[in-house]
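Participant: Sequence and predicted structure are below.
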Amino acid sequence: MPAHRFNPLSALLGIAVIALGAAVAEADLVVIEASAIGPTDALALAGSRAAAAIARTSSVPVWLVGGTGRLLPSRMWDGLVGQLDL
């Protein structure tokens, strides 16, 4: 039996990653939660970019949402991104 890798996006959505395309294409709206939001970019869960790309090609609106304290000014954003291996 092959090992199953945990995927937070599929766990959150309750769907298998292989079904992500079909689920997004049938959705009325895709909501992506950002871990941090900078002046021009955002950090989100793995798979979020794929979901957004599928939504765009399917003409499904995408909303990026972020909780309190997640919208960062430029200097804080640059410091955060500088610490990541992107």
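Facilitator: Perfect, I can see it now. Residues are numbered from 1 along each chain as shown.
Participant: Do a quick rundown of the helices in the protein.
Facilitator: In the chain, the segments counted as helices under DSSP state H are 8-13, 20-26, 48-57, 74-83.
Participant: Dump these to a markdown table, plus distance to Ala42, mean pLDDT and mean neighbour count.
Facilitator: Backbone N, C-alpha and C define where each C-beta goes, glycine included. Formatted as a markdown table, the helices of the chain follow (distance: least, CB to CB, whole Å; pLDDT from 0 to 100; neighbours: other CB atoms under 10 Å):
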| stretch | distance to Ala42 | mean pLDDT | mean neighbour count |
| --- | --- | --- | --- |
| helix 8-13 | 15 | 54 | 13 |
| helix 20-26 | 18 | 83 | 15 |
| helix 48-57 | 9 | 90 | 16 |
| helix 74-83 | 10 | 93 | 12 |
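Participant: what's the longest strand in this structure?
Facilitator: strand 30-37 (DSSP state E).
Participant: circling back: please tabulate the helices of the chain in CSV and include distance to Thr40 as additional columns.
Facilitator: Shown next, in CSV, are those (distance: least, CB to CB, whole Å):
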stretch, distance to Thr40
helix 8-13, 23
helix 20-26, 24
helix 48-57, 15
helix 74-83, 9
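Participant: Nearest to the spatial middle of this structure, which residue is it?
Facilitator: Nearest residue to the geometric centre of the chain (CA atoms, centre = their mean): Ser48, 2.6 Å.
Participant: Which strand residues bridge the nearest residue to that residue once chain neighbours are set aside?
Facilitator: Leaving aside its chain neighbours, Ser48 sits nearest to Ile32 (4.7 Å; criterion: CB to CB, 6 or more residues apart in numbering). Applying DSSP bridges to Ile32 yields these beta-bridge partners: Leu64.
Participant: which stretch among the helices of the chain comes nearest Asp41?
Facilitator: Relative to Asp41, the nearest member of those by CB to CB is helix 74-83, separated by 7.9 Å.
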